[in-house]
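Peer 1: Quick one, structure for this:
(one chain, ligands or ions: 1)
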Amino acid sequence: MRCPACHNIDTKVTDSRLVNEAVAVRRRRKCLKCGFRFSTYEEVEILNLTVVKRDGRREPYGREKLEAGLKKALEKRPITHEGFKRLVNVIERDIQLRGRNEITSQQIGEVVMKRLKRADPVAYIRFASVYRSFTDAESFWEELRSFPAKSGTSRQRGRRRSNTPRS
Ligand SMILES: [Zn+2]
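Peer 2: Sure thing, here's the model as predicted:
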């Protein structure tokens, strides 16, 4: 890790602590050349996990989709950036506990609901009402995809959802 101030490559870790229920680590560093202090944040990234959808199709797990769904559920709710990150981290930790190589979209939905219920009851109800409205024709995972993404490039699939105007 290069020093952001002088680009020197030699930096020293002065402190290291686990954050977000021990699924991430923050390290304080000091540049050995100019003395500049900064910190780095390291978190788990789920790799090689396949999501099995209700119709049997498979796709690689991607955090963006989870985040998009959560953002939608938490729209205008009082949650901090840190709080949101923590929520994503604990959900992913639960996901990893459930499936090493494969997980069903349904299992992911259950994990999300369990965590959201604790984090924000209103968001939980929003999420649960969408989740429970599924028939097996359309999976929860597909619904996450249909949530408007940040970029605004997502497409709508199947039934209604999203009566919120895009910004
Ligand atoms: Zn430096």
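
Peer 1: Only C-alpha atoms from now on, for both contacts and neighbour counts.
Peer 2: Will do.

Peer 1: the longest helix in this structure is where?
Peer 2: Ranked by residue count, the top helix of the chain under DSSP state H comes out as helix 81-98.

Peer 1: Report all helices and strands that that helix contacts.
Peer 2: Applying 3 or more Cα pairs under 8 Å, 6 or more residues apart in numbering; DSSP states H and E, one finds that helix 81-98 contacts helix 105-119.

Peer 1: Specify the angle between the next helix or strand after the helix it packs on and helix 105-119 in degrees.
Peer 2: Following helix 105-119 in sequence order, the next helix or strand is helix 121-132 (DSSP states H and E). Here helix 121-132 runs at 160 degrees with respect to helix 105-119, directions being taken by axes from the mean of the first three to the mean of the last three Cα atoms, to 10 degrees.

Peer 1: when you give positions from now on, start the count at 43
Peer 2: Let's use 43 as the start, then, which means that last one is helix 163-174.

Peer 1: what residues does helix 163-174 touch?
Peer 2: With contacts defined as Cα atoms under 8 Å, 6 or more residues apart in numbering, helix 163-174 is touched by 115-117, 119, 151, 155, 158-159, 182.

Peer 1: rerun at 6 Å
Peer 2: Helix 163-174 has contacts (Cα atoms under 6 Å, 6 or more residues apart in numbering) with 115-116, 158-159.

Peer 1: How far off centre is the longest helix of the chain?
Peer 2: In this view, helix 123-140 has its centroid 6 Å away from the chain centroid, taken as Cα atoms, centre = their mean, to the nearest Å.

Peer 1: Repeat that for stretch 104-124.
Peer 2: With Cα atoms, centre = their mean, you get 7 Å for stretch 104-124.

Peer 1: Neighbour-wise, which one of the contacts of helix 163-174 leads?
Peer 2: Leu158 (23 neighbours; other Cα atoms under 10 Å).

Peer 1: That residue and the ion, how far apart?
Peer 2: 42 Å (Cα to the ion, to the nearest Å).

Peer 1: if I look at the residue nearest to that residue when sequence neighbours are not counted, how far off is the ion?
Peer 2: Once flanking residues are discounted, Leu158 sits nearest to Tyr166: 5.1 Å by Cα to Cα, 6 or more residues apart in numbering. For Tyr166, the distance to the ion equals 45 Å [Cα to the ion].
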